[in-house]
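Asker: 3D, please:
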Amino acid sequence: MHAGIPAEEEPVAVYDAAGSVVGVAPRGVVYRDGLWHGATGVLVRSTDGDRVYLHRRSPDKLIFPGVYDCWAGGVIGPGETPAAGAARELAEELGVDGVTLMPHEPFAYVGSGLRYHVFTYEVRWDGPLRHQPEEIVWGAWVTLDELRARLAEPRRWPFVPDGRMGIERWLAARDAGLTD
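Answerer: Next up is the predicted model:
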């Protein structure tokens with residue numbers, strides 16, 4: 001997020017369907033026109049791997065306001081690599097900095113009038129977390145079993161659709177022994 005710039009005017013890197021950067025447009029135009037763009041998601045796990053940080057998005061978010069997510073992240077800015085964008089978003093949203101990002105398989109999200117490439121990462125962290133109030137209004141550590149239980153109750157625990165897709169992919173890979 002750029003200080004002093006309304007969120008809908010923030011410049012965003014525009015991608016093509018294949019995942020290459022092709023330009024720049026304001027966030028509001030990207031969302032309104034359903035332009036392909038890039039976004040990041042960082043799964044924050046405890047150092048022992050047993051817990052995930054779950055949070056609730058601010059009701060003031062441009063998209064998916066007030067719902068739950070277990071990924072810290074956001075759009076990729078002009079000239080920014082996915083890893084740099086992920087590190088920036090993690091620091092902005094949760095105050096986590098100086099950690100090693102472990103990349104996971106990216107995926108395309110198409111839904112809710114949006115189209116973007118999601119570049120996912122994982123970090124291990126037991127240090128303090130600091131919510132950016134404009135982004136996050138609540139958060140807590142949950143076990144993987146608790147996360148699964150909440151995913152199974154979408155009326156009580158509505159999740160961001162791309163975050164749900166990402167964590168279901170991650171859990172399936174974990175269950176198949178493809179990730180830790």
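
Asker: Helices of the chain, start to end?
Answerer: For the chain, the helices defined by DSSP state H cover 27-33, 82-94, 144-151, 161-175.

Asker: any idea which of those is most buried?
Answerer: helix 82-94 (a mean of 21; mean count of other C-beta atoms under 10 Å). For every residue, glycine as well, the C-beta is placed using N, CA and C.

Asker: so which of the helices of the chain comes closest to residue 123?
Answerer: helix 82-94 (6.9 Å; C-beta to C-beta).

Asker: quick revisit: switch the helices of the chain over to CSV; also include mean pLDDT and distance to residue 115.
Answerer: Putting the helices of the chain into CSV (pLDDT from 0 to 100; distance: least, C-beta to C-beta, whole Å) gives the following:
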stretch, mean pLDDT, distance to residue 115
helix 27-33, 95, 9
helix 82-94, 97, 16
helix 144-151, 98, 23
helix 161-175, 95, 11
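
Asker: Now that we have those helices, can you turn them into JSON lines and tack on distance to residue 131?
Answerer: Listed next are the helices of the chain as JSON lines, based on distance: least, C-beta to C-beta, whole Å:
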{"stretch": "helix 27-33", "distance to residue 131": "21"}
{"stretch": "helix 82-94", "distance to residue 131": "7"}
{"stretch": "helix 144-151", "distance to residue 131": "19"}
{"stretch": "helix 161-175", "distance to residue 131": "16"}
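
Asker: Which one, of those helices, ends up nearest to residue 113?
Answerer: Closest among the helices of the chain, using C-beta to C-beta: helix 27-33, at 7.5 Å.

Asker: Could I have the CA atoms of the closest one written out in CSV?
Answerer: Only the C-alpha atoms of helix 27-33 are listed here, as CSV (Å, rounded to 0.1, in the frame of the first residue of the first chain):
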residue,chain,number,x,y,z
ARG,A,27,-5.9,-1.1,-8.6
GLY,A,28,-9.4,0.1,-9.1
VAL,A,29,-9.2,-0.3,-12.9
VAL,A,30,-7.6,-3.8,-12.5
TYR,A,31,-10.5,-4.9,-10.2
ARG,A,32,-13.2,-3.2,-12.3
ASP,A,33,-12.0,-4.6,-15.6
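
Asker: Any chance you could list what contacts that helix?
Answerer: With contacts defined as C-beta atoms under 8 Å, 6 or more residues apart in numbering, helix 27-33 is touched by 7-12, 14, 25, 35, 37, 62-63, 75, 113-114.

Asker: same thing with stretch 166-178?
Answerer: 41, 43, 70-71, 104-105, 107, 118, 120, 144, 147-148, 151, 159, 179-180.

Asker: Buried ones among the contacts of helix 27-33?
Answerer: Neighbour counting with 16 or more other C-beta atoms under 10 Å marks 7, 10, 11, 12, 14, 25, 35, 37, 75, 114 as buried within the contacts of helix 27-33.
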